[in-house]
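**Q** structure here, sequence nowhere to be found:
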């Protein structure tokens, strides 16, 4: 049984994945590199420290990695005002907290972006802790961020709630179960193959079925 609920933020609680994909597309175009947006979307959920090499290769990372990450930040911030919370985000967090779980909002995003997203869902008033890129040496699918989230609240047994295969893999690499929502655009089978115990169409759907997940009751 779990005592700690670790919620991914980007793409799970707030609707950012397609803005991220478009920002990366524009960043690569600045270096005269054109990648299919669908391929970029498939990598969203990885941190920028891993994404460049994953979609464009090690040579591009060596030659342009830092410039691409800087350009991504600039392009993403042009769209950040378009970001909205997913329906039911705040209600789900409140119910999970009311059930007795320690609640961590886990993001490998830049601190200023995380602050903006937490304000959208009033996350600080309900969460016990939250993370940013400053808290982990490596981003997902490495286990660093999940481990830090557990450490921040002295959790013994966690469960990860995310929207991407990378969330489920990071949870597995940490040795904790994962629950997935389809808000990241991944299929049910892909998320299950990555290790998710259950997959839900939305946060509202997840809340209706909490009793069928490790979030049913606290340890």
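**A** Ah, there it is. The model shown is predicted, which means the values in this text are computed figures rather than measured ones. Numbers count the residues shown, from 1 in each chain.
**Q** switch to C-alpha atoms for all contacts and neighbour counts from now on
**A** Noted.
**Q** what sits closest to residue 156 if chain neighbours are left out?
**A** residue 3 (6.6 Å; Cα to Cα, 6 or more residues apart in numbering).
**Q** how much space separates that neighbour from residue 159?
**A** As defined by Cα to Cα, to the nearest Å, residue 3 lies at a distance of 8 Å from residue 159.
**Q** which stretches of the chain aren't confidently modelled?
**A** Counting by pLDDT under 70, the ranges of the chain that qualify are 218-219.
**Q** what's the residue sitting furthest away from the middle of it sitting at in phi/psi?
**A** Largest separation from the mean C-alpha position in the chain: residue 32, at 28.5 Å (Cα atoms, centre = their mean). Phi and psi for residue 32, reported as degrees, to the nearest 10, are phi 60, psi 30.
**Q** contacts only, for residue 169.
**A** Contact analysis of residue 169 by Cα atoms under 8 Å, 6 or more residues apart in numbering lists 140-141, 194-195.
**Q** how about residue 14?
**A** Shown in contact with residue 14 (Cα under 8 Å, 6+ apart): 83-86, 89, 117.
**Q** thought residue 196 was touching residue 182?
**A** No: in this structure, residue 196 is not within contact of residue 182 by Cα atoms under 8 Å, at 11.3 Å.
**Q** neighbour-wise, which of those two wins?
**A** residue 196 (27 against 19; other Cα atoms under 10 Å).
**Q** partner residues bridging the more buried one?
**A** residue 178 (DSSP bridges).
**Q** how far away is it from residue 144?
**A** Taking Cα to Cα, one finds residue 196 at 18 Å from residue 144.
**Q** and the one helix or strand residue 6 maps to, what does it pack against?
**A** Element membership for residue 6 (DSSP states H and E) is strand 4-8. Contact analysis of strand 4-8 by 3 or more Cα pairs under 8 Å, 6 or more residues apart in numbering; DSSP states H and E lists strand 102-106, helix 144-152, strand 158-162 as its packing neighbours.
**Q** just the strands from this protein, written as ranges.
**A** 4-8, 102-106, 129-130, 158-162, 178-181, 196-200 (DSSP state E).
**Q** now these in a markdown table, with distance to residue 65?
**A** Below are these laid out as a markdown table (distance: least, Cα to Cα, whole Å):
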| stretch | distance to residue 65 |
| --- | --- |
| strand 4-8 | 25 |
| strand 102-106 | 24 |
| strand 129-130 | 27 |
| strand 158-162 | 26 |
| strand 178-181 | 30 |
| strand 196-200 | 31 |
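**Q** out of those, nearest to residue 122?
**A** Closest to residue 122 of these, according to Cα to Cα: strand 102-106, at 11.4 Å.
**Q** strand partners of the closest one, parallel vs antiparallel please.
**A** Assessed with DSSP bridges, strand 102-106 is paired to strand 4-8 (parallel), strand 129-130 (parallel).
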